[in-house]
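S.K.: sequence unavailable; structure follows:
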């Protein structure tokens, strides 16, 4: 015990010294500069638009990293914040999701209080690692709409702990370090998100002042998270180029290790279209499922600007054909199809289809056609279904 205390004291003094002489900040800046190498990888399209989005992407992910490791880093006083939103995007963020996250510790117990609202679904996932620690967000516990018990007035409570609890229990392990909440819309204009709060079950009244040693570690962790996140998803985008304009199902284990929702089957790909081309995505039928959606992203796996453009369709917004099939058209300009998704000025990027809580898996079929074929309605009439 004495050796542990001495070691912590030594680490604290070393961190304080690095802040005082500026080496902690210099190292942060040097590592941040080095992360820029990802934006210039040889397989990435080398045009000013993609390059500018790449550097903007770095600033966005770093902003989210500071929330995790400096601004809201105290697990005794957890704060629900949005790791991805309309401006901060990474990892194929979903336009149909309202994401919330907070730092937790597997050594503590927590209580979540909520009111269900009218949101389509809710899921809660505890995680034992982050992208700065080997490129994973390993799950340590999961609870979602299918198992959440809600009172008649729409309220609920969830206990979050490493030890089993009665009622709604969200498991953790000793390694748990974060909680991720996914709220899924069907139609954003009509649904109300759940109202949520979280508290750590301890008797401290106020947080401690800023700890210099913790801040020094937070700087290093933030840039490490940035490096790990950008490297991981650049690797994914490079891999997706092998299935150009197709939509194969992603390996569920890869998704699990990256913090994916275990109730979702993910289909990922890379798309590229000439100005006169369109990509048609077809489902032979919609399986029995809680939700499904298709979205277009840029090269960096950021959702396109869904505030001003229609960049995805889902179970609630898509037009279904009389025979139960669904056809979605991705094109630079509106061809007059009810399920048109815009590319929002992009010539290429990534593509993501999700099936949530599906009783069976239906793999989308894809084909590239000329826009003039759509105008004559030949491409849509000539369907394999």
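M.R.: Thanks, I have it. These figures come from a predicted structure and were not determined experimentally. Numbers count the residues shown, from 1 in each chain.
S.K.: list the contacts of stretch 10-25.
M.R.: Contacts of stretch 10-25 from elsewhere in the structure, counted by CB atoms under 8 Å, 6 or more residues apart in numbering, are 27, 212-213, 215-217, 219-220. The C-beta positions use only the backbone N, C-alpha and C, and glycine is treated the same way.
S.K.: show me which residues of it are buried.
M.R.: When neighbours are counted by 16 or more other CB atoms under 10 Å, the buried residues of stretch 10-25 are found to be 15, 18, 24.
S.K.: what's the spacing between the second one and residue 214?
M.R.: With the distance defined as CB to CB, to the nearest Å, residue 18 ends up 13 Å from residue 214.
S.K.: ok so, going back, can I get the buried residues of stretch 10-25 in CSV with pLDDT and secondary structure?
M.R.: Putting the buried residues of stretch 10-25 into CSV (pLDDT from 0 to 100; DSSP: H, G, I helix; E, B strand; the rest coil) gives the following:
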residue, pLDDT, secondary structure
15, 92, helix
18, 94, helix
24, 96, helix
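S.K.: looking at those residues, which is nearest residue 146?
M.R.: Out of the buried residues of stretch 10-25, the one with the shortest distance to residue 146 is residue 15. That distance is 44.7 Å, counting by CB to CB.
S.K.: and the closest one, how far from residue 21?
M.R.: Applying CB to CB to residue 15 and residue 21 gives a distance of 11 Å.
S.K.: wait, doesn't residue 43 sit right on residue 238?
M.R.: Yes. Applying CB atoms under 8 Å, one finds residue 43 in contact with residue 238, separated by 4.9 Å.
S.K.: using the three-state scheme, assign the most centrally placed residue in the chain.
M.R.: Averaging the C-alpha coordinates of the chain gives a centre point, and the residue nearest to it by CA atoms, centre = their mean is residue 93 (4.1 Å). Classification of residue 93 using DSSP: H, G, I helix; E, B strand; the rest coil returns coil.
S.K.: contact partners for it?
M.R.: Contacts of residue 93 were listed using CB under 8 Å, 6+ apart, and they are 84, 99, 302-303.
S.K.: buried subset of the contacts of stretch 10-25?
M.R.: Burial by neighbour count, 16+ other CB under 10 Å: within these this picks out 212-213, 216-217, 219-220.
S.K.: got JSON lines for the residues you listed, with secondary structure and distance to residue 136 too?
M.R.: As requested, those are exported to JSON lines (DSSP: H, G, I helix; E, B strand; the rest coil; distance: CB to CB, whole Å):
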{"residue": "212", "secondary structure": "helix", "distance to residue 136": "29"}
{"residue": "213", "secondary structure": "helix", "distance to residue 136": "26"}
{"residue": "216", "secondary structure": "helix", "distance to residue 136": "24"}
{"residue": "217", "secondary structure": "helix", "distance to residue 136": "20"}
{"residue": "219", "secondary structure": "helix", "distance to residue 136": "22"}
{"residue": "220", "secondary structure": "helix", "distance to residue 136": "18"}
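S.K.: all helices of the stretch 151-300 of the chain, in order?
M.R.: Secondary structure of the stretch 151-300 of the chain, counting by DSSP state H, counting those that start in this stretch: helices at 212-240, 252-257.
S.K.: thought residue 368 was touching residue 281?
M.R.: No. With contacts counted by CB under 8 Å, residue 368 stays clear of residue 281, the gap being 10.6 Å.
S.K.: find me the pLDDT at residue 10, would you?
M.R.: We have a pLDDT of 84 for residue 10.
S.K.: an error on my part: the question was meant for residue 124.
M.R.: The pLDDT attached to residue 124 in the predicted structure is 97.
S.K.: that's a strand at it, yeah?
M.R.: Yes. Secondary structure assignment (three-state DSSP) places residue 124 inside a strand.
S.K.: so it is in contact with residue 178, correct?
M.R.: No. The criterion here is CB under 8 Å, and residue 124 misses it with residue 178 at 11.4 Å.
S.K.: nearest to residue 162 among the buried ones among the contacts of stretch 10-25?
M.R.: The closest of the buried ones among the contacts of stretch 10-25 to residue 162 turns out to be residue 217 (CB to CB; 23.3 Å).
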